[in-house]
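Engineer: Got a sequence here, can you build the structure:
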Amino acid sequence: MKKFQPQPGFVVQAYRFALDPNATQEAALRSHCGAARAAYNWAVGWVTASWWQRHAEETYGIGEAGLTQWRPWSLPALRKAFNEAKHTDPRFSAWWKENSKQAYSTGLANASAAFDNYAKSKNGKRKGARMGVPRFKPKRKARL
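Structural biologist: Residues are numbered from 1 along each chain as shown. Presented below is the predicted three-dimensional model:
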């Protein structure tokens, strides 16, 4: 990565901000982090369910034409599927309105990026260490 070099005569100034939320704001921030984690876990489960279903069908001897369709992991496809599921899925139907839609969108974007990184790593198109299949983020160990 190329380092930033200011032009001669220019001054570079930076600011550092720290959040100091009160108890209500902290609860709202935690809720939004949990919403992003829940959306990420939903997306990982939704995509990998089709992978495992196809794998099981292949072991039964079902031909390629009869296999379950692949579920796309692009961000627009994940958003569309999530918007259909959020009203009926018992994990979301009771509390999805409490958080900003951007929190859920962030979780879906992270899941999409994780699947993209995995696919590029598996095909040898990604530099760096090999990436594994995206996994669920546990509630107690998740980074807020």
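
Engineer: center of this structure, which residue is that?
Structural biologist: Geometric centre of the chain, nearest residue: Ala111, 2.3 Å, by Cα atoms, centre = their mean.

Engineer: Quick one: residues contacting it.
Structural biologist: Residues counted as contacts of Ala111 (Cβ atoms under 8 Å, 6 or more residues apart in numbering) are 39-40, 43-44, 47, 73, 78, 134. Where C-beta positions appear, they are placed from N, C-alpha and C, glycine not excepted.

Engineer: Format these as JSON lines; extra columns: pLDDT and neighbour count.
Structural biologist: JSON lines is the format used below for those (pLDDT from 0 to 100; neighbours: other Cβ atoms under 10 Å):
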{"residue": "Ala39", "pLDDT": "94", "neighbour count": "27"}
{"residue": "Tyr40", "pLDDT": "95", "neighbour count": "24"}
{"residue": "Ala43", "pLDDT": "95", "neighbour count": "28"}
{"residue": "Val44", "pLDDT": "95", "neighbour count": "21"}
{"residue": "Val47", "pLDDT": "91", "neighbour count": "22"}
{"residue": "Trp73", "pLDDT": "85", "neighbour count": "24"}
{"residue": "Leu78", "pLDDT": "93", "neighbour count": "25"}
{"residue": "Pro134", "pLDDT": "92", "neighbour count": "22"}
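
Engineer: just these now: which is nearest Val12?
Structural biologist: The closest of those to Val12 turns out to be Tyr40 (Cβ to Cβ; 35.5 Å).

Engineer: Would you confirm that that closest one contacts Ser112?
Structural biologist: No. The pair Tyr40 and Ser112 does not pass the contact test of Cβ atoms under 8 Å, sitting 9.7 Å apart.

Engineer: Next secondary structure after the helix or strand of the chain with the lowest mean pLDDT?
Structural biologist: Every helix and strand in the chain was compared by mean pLDDT, DSSP states H and E; the lowest is helix 23-59, with a mean of 90. Once helix 23-59 ends, the next helix or strand along the chain (criterion: DSSP states H and E) is helix 75-85.
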